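J.: any chance you can model this:
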Amino acid sequence: MKLPAEDFEEGMCGRLNKAMYGTRDAAQNWEEEYTEFMREWGFVTGVSNPCVMYHPERGVRAVVHGDDFAIAGRV
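T.: Model (predicted):
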């Protein structure tokens, strides 16, 4: 990441305060965010794979891959 021209000085670098798309921490931070959200709504994460979730009261299953969610249940 390059510093803006007004802040550029030889040998200086910037520090990110949050994860940016494509950085190493971005995927992990996203997983933590959606997992917390889904748990608040009553979903339980899978034991062998935390990207597979189940809502025991409603019988709904969810699978997450990156930022894609697939949810299935009966009406």
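J.: residues near the nearest residue to T23 once chain neighbours are set aside, how many?
T.: Take T23 and drop its neighbours on the chain: the residue closest to it by CB to CB, 6 or more residues apart in numbering is L16, 7.0 Å away. For every residue, glycine as well, the C-beta is placed using N, CA and C. L16 has 9 neighbours, counted by other CB atoms under 10 Å.
J.: try A62
T.: When neighbours are counted by other CB under 10 Å, A62 comes out with 20.
J.: try M53
T.: 23.
J.: got the contact list for it?
T.: Each residue near M53 by CB atoms under 8 Å, 6 or more residues apart in numbering is listed here: M38, F43, V44, T45, G46, R61, A62, V63, V64.
J.: now render those as TSV, adding distance to M12 and pLDDT.
T.: TSV is the format used below for the contacts of M53 (distance: CB to CB, whole Å; pLDDT from 0 to 100):
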residue	distance to M12	pLDDT
M38	41	95
F43	45	97
V44	47	97
T45	42	95
G46	45	92
R61	49	96
A62	44	97
V63	44	97
V64	38	95
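J.: and the residue located most distally from the centre of the chain, which of the three is it?
T.: What lies farthest from the middle of the chain is E10; by CA atoms, centre = their mean that is 35.0 Å. Here E10 is recorded as coil under DSSP: H, G, I helix; E, B strand; the rest coil.
J.: what comes into contact with the helix or strand bottoming out on mean pLDDT in the chain?
T.: Sorting the helices and strands of the chain by mean pLDDT, DSSP states H and E puts helix 24-40 at the bottom, at a mean of 91. Helix 24-40 is contacted from outside by A19, M20, T45, P50, C51, M53, A62, V64, G66, D67, using CB under 8 Å, 6+ apart.
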